[in-house]
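*Asks:* using only what follows, build the 3D model:
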Amino acid sequence: MPNDYFQFKKFIVKQDKTAMKVCTDSCILGAYVDTTVKKRILDIGTGTGLLTLMLAQRYQVPIDAVEINEEAVQQARENFRLSPWSDRIDVFHDDINNFKNISLHQYDLIVCNPPFYTNHLLAVDAAKNQAMHNEYLPPEVLMQSISSLLSRTGTSYILLPPKQEEYLETLVSGYGLFINKKLIIRDRPGSNVLRIILKIRGIRTPISEDHLTVKNSGGDYSARFRQLLSPYYLRL
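*Replies:* Predicted structure coming up:
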């Protein structure tokens with residue numbers, strides 16, 4: 001069974017109250033984000049608060065996190081309170097579809113690791129359903145919310161499996177947004193694609209591709225992975 005907490009170099013993520021635990025692909029997303037943030041960051045579907053905490057370590061700006069599940073909200077609040085950045089990070093118990101209508105801010109950076117199972121049998125655990133099934137955050141709602149909340153020169157990063165990425169890619173331009181970059185993530189060289197991180201902006205540029213393997217052919221963490229995660233992981 002997974003531990004009920006995950007210790008990073010500068011913060012701790014307690015995860016005993018949430019359905020979705022700290023995972024490698026979320027950590028890659030938090031570490032990979034590279035942008036010039038001027039005013040404010042938004043984390044959609046924060047869960048334990050992992051991405052918010054990773055970004056708070058790097059960017060000295062206010063960060064808002066939105067989460068629909070009440071127990072996850074309580075968990076994120078606890079993790080934020082225990083962090084060195086509690087004075088500038090906050091979590092809102094809300095549906096992003098509602099939050100976008102009441103928010104007083106636009107955001108220079110929006111990150112999201114959305115639920116991505118479509119047309120799968122739902123789990124008995126309602127919290128796990130919300131965390132994993134996109135019936136609770138359809139891609140159309142996600143894109144509409146990002147379009148509404150992203151500042152004119154802002155950037156959004158979204159983590160998805162390949163199939164769901166393909167569908168989201170067909171939606172983006174319909175909301176006045178454009179994919180600028182893709183990070184293709186594999187476990188090892190030559191293995192199937194595990195996840196794709198999309199960099200999305202309101203500015204059209206040629207789409208560039210970046211590649212990351214978590215491990216090398218010998219089974220050790222790759223040099224690129226170590227470089228990305230070394231500011232966070234205790235043993236890197």
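
*Asks:* point out where this structure drops to low pLDDT.
*Replies:* For the chain, applying pLDDT under 70 flags the ranges 1-2, 116-136.

*Asks:* the longest helix in this protein is where?
*Replies:* helix 70-82 (DSSP state H).

*Asks:* got the buried residues for it?
*Replies:* The neighbour-count check on helix 70-82 (16 or more other Cβ atoms under 10 Å) flags 72-73, 75-80 as buried. (Each C-beta comes from the backbone N, C-alpha and C, glycine too.)

*Asks:* now swap in stretch 20-32 and tell me
*Replies:* Buried residues in stretch 20-32 (16+ other Cβ under 10 Å): 20-22, 25-32.

*Asks:* which SS state does the closest residue to Leu177 other than its chain neighbours fall under?
*Replies:* Nearest in space to Leu177, with sequence neighbours left out and distances taken as Cβ to Cβ, 6 or more residues apart in numbering, is Ile200 at 5.2 Å. Taking DSSP: H, G, I helix; E, B strand; the rest coil as the rule, one finds Ile200 in the strand state.

*Asks:* Ile200 - how many residues pack around it?
*Replies:* Using other Cβ atoms under 10 Å, the number of residues around Ile200 comes to 24.

*Asks:* hang on, the earlier thing: which one of the buried residues of stretch 20-32 is nearest Glu166?
*Replies:* Asp25 (17.2 Å; Cβ to Cβ).

*Asks:* contacting residues around that closest one?
*Replies:* 113, 159, 185, 194-195 (Cβ atoms under 8 Å, 6 or more residues apart in numbering).

*Asks:* can you give me the helices for the protein?
*Replies:* For the chain, the helices defined by DSSP H occupy 24-32, 50-58, 70-82, 96-102, 126-132, 139-149, 162-171, 223-229.

*Asks:* dump these to TSV, plus distance to Ile44.
*Replies:* As requested, the helices of the chain are exported to TSV (distance: least, Cβ to Cβ, whole Å):
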stretch	distance to Ile44
helix 24-32	12
helix 50-58	9
helix 70-82	13
helix 96-102	5
helix 126-132	13
helix 139-149	7
helix 162-171	14
helix 223-229	22
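
*Asks:* wait, which of those helices is closest to Arg40?
*Replies:* Per Cβ to Cβ, nearest to Arg40 of these: helix 139-149, 9.9 Å.

*Asks:* tell me the angle that closest one makes with helix 162-171.
*Replies:* 50 degrees (axes from the mean of the first three to the mean of the last three Cα atoms, to 10 degrees).

*Asks:* pull out the buried positions in helix 139-149.
*Replies:* 139, 141-147, 149.

*Asks:* what packs against it?
*Replies:* Under the contact criterion of 3 or more Cβ pairs under 8 Å, 6 or more residues apart in numbering; DSSP states H and E, helix 139-149 touches strand 41-44, helix 96-102, strand 107-112, helix 162-171.

*Asks:* strand partners of the first one, parallel vs antiparallel please.
*Replies:* Strands that pair with strand 41-44, judged by DSSP bridges, come out as strand 63-67 (parallel), strand 107-112 (parallel).

*Asks:* can I get those in a markdown table with distance to Leu51 and mean neighbour count?
*Replies:* Listed next are the strands paired with strand 41-44 as a markdown table, based on distance: least, Cβ to Cβ, whole Å; neighbours: other Cβ atoms under 10 Å:
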| stretch | distance to Leu51 | mean neighbour count |
| --- | --- | --- |
| strand 63-67 | 8 | 26 |
| strand 107-112 | 5 | 24 |
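
*Asks:* follow-up on the earlier one: out of the helices and strands packed on helix 139-149, which is closest to Ser230?
*Replies:* Going by Cβ to Cβ, the one of these nearest Ser230 is strand 107-112, 20.0 Å.
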